[in-house]
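Student: prediction below, plus the sequence it came from.
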Amino acid sequence: MPADVELDLLVPARDDRRLAAPPGDGDLVRLFARERADARVRANMVASIDGAATGTDGRSGSLGTPADRRVFAVLRALADVVLVGAGTVRAEGYRELPVAAHLRAAREAAGLAPRIELAVVTRRGDVPRGLRGGPHPPFVVTGAGGAERARAAVGADRALVVPGARDPDSPDLRAAVHVLGARGLRHVLAEGGPRLLADLLAADVVDELCLTTSPLLLAGDAPRPAMGASALDPARRAWLRHLLHASDGTLLACWDLRAPVGSGT
């Protein structure tokens, strides 16, 4: 069952619906559902009020709230594949990606496969220890330098070798999204970490960014949700699709990174 937390829909401004948490979470599923025919990359990140993407334990999970976990489950249930950096896999303890029981019917109705696939981005082709040897290995997205190691770990069919044009050892993320789409994995959910999100933004493949603001202040030197070697130039424009508010102060925004029809941009 979904967490017993209500969400106020603040944007659009004239929509006063309250998204309660009935069995199946239908209202929230409909809010986040997109056309299956369209390939889409959606990123999902969490940050503190002051912009920290990880808690004091170095994990993003420690910033989570019941509302964030509710939306997190829906986003996964609507994805073909979760794309994540190897460092985040290790830090957050990724294993299998089960669909929440209360969302399985919605996933089936949307025409998605029962299993959520996992794709790990790694320059060196390493597969984190917790994902080795299982019956259903992840996809491994890597460049030329990591190809041999990735194929040895997960097999040639699950190793997606996409050398970058400037640096063959660095995976070409635009090509990776294309290869995943060619395998029927058209709806990609990118879950970080911050460097992978920065690289995806630099490659201009992110269509939506779902950003949870957790009602916490951390200070310190934690990374931001997107943190790369260089800033985006020019900066990316975003349009707010919706904004949800939970009773504990959590804010959950969905930003469109492609100009909506009628935006005048």
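Tutor: Structure received. Predicted model only: the values in this text are computed from it and were never measured.
Student: is Val82 bridged to anything, and to what?
Tutor: Here Val82 sits in beta bridges with Leu118, Leu189, going by DSSP bridges.
Student: was I right to think it contacts Val121?
Tutor: No: between Val82 and Val121 there is no contact under Cβ atoms under 8 Å: 11.1 Å. C-beta coordinates here come from the backbone N, C-alpha and C atoms, glycine included.
Student: quick one: which of those two has more around it?
Tutor: The neighbour count for Val82 versus Val121, taken as other Cβ atoms under 10 Å, is higher for Val121 (28 against 21).
Student: how near is the more buried one to Ile49?
Tutor: Here the criterion is Cβ to Cβ, to the nearest Å. By it, Val121 lies 29 Å from Ile49.
Student: same deal with Leu9?
Tutor: 21 Å.
Student: how about Leu180?
Tutor: 34 Å.
Student: more neighbours: those two, which one.
Tutor: Leu180 (23 against 13).
Student: report the buried residues of the helix or strand containing the more buried one.
Tutor: Assigned by DSSP states H and E, Leu180 belongs to helix 173-182. Using 16 or more other Cβ atoms under 10 Å as the test for burial, helix 173-182 gives Leu173, Arg174, Ala175, Ala176, Val177, Val179, Leu180, Gly181.
Student: which strands or helices does that helix pack on?
Tutor: Packing partners of helix 173-182 (3 or more Cβ pairs under 8 Å, 6 or more residues apart in numbering; DSSP states H and E): strand 81-85, strand 117-121, strand 139-142, strand 159-161.
Student: residues in contact with that helix?
Tutor: The contact list for helix 173-182 (Cβ atoms under 8 Å, 6 or more residues apart in numbering) reads 39, 41, 80-81, 83, 119, 121, 139, 141, 160, 162, 186, 188, 199-200, 203-205.
Student: let me see the contact set for the residue lying closest to Ala198 once chain neighbours are set aside.
Tutor: Nearest residue to Ala198 in three dimensions, chain neighbours excluded: Gly228, at 3.0 Å (Cβ to Cβ, 6 or more residues apart in numbering). With contacts taken as Cβ under 8 Å, 6+ apart, Gly228 has the following neighbours: Arg195, Ala198, Asp199, Leu201, Ala202.
Student: swap in Met227?
Tutor: Ala53, Pro194, Arg195, Ala198.
Student: just confirm the third one contacts Ala86, I think it does.
Tutor: Same thing as Arg195. No: with contact defined as Cβ under 8 Å, Arg195 does not count as touching Ala86 (10.7 Å).
Student: where does the protein dip in pLDDT?
Tutor: 1-3, 11-17, 261-262, 264-265 (pLDDT under 70).
Student: where along it do the strands fall?
Tutor: 7-11, 18-19, 40-48, 81-85, 117-121, 139-142, 159-161, 187-190, 208-214, 239-246, 251-256 (DSSP state E).
Student: just to revisit the earlier point, now list the buried members of the contacts of helix 173-182.
Tutor: Buried among the contacts of helix 173-182 by 16+ other Cβ under 10 Å: 39, 41, 80-81, 83, 119, 121, 139, 141, 160, 162, 186, 188, 199-200, 203, 205.
Student: burial of Arg129, as a residue count?
Tutor: For Arg129, using other Cβ under 10 Å, the count is 9.
Student: just grab the bridge partners of Thr213 for me.
Tutor: Under the criterion used (DSSP bridges), Thr213 bridges to Ala47, Leu251.
Student: and it, what does it touch?
Tutor: Val46, Ala47, Ser48, Ile49, Thr250, Leu251, Leu252, Ala253 are the contacts of Thr213 under Cβ under 8 Å, 6+ apart.
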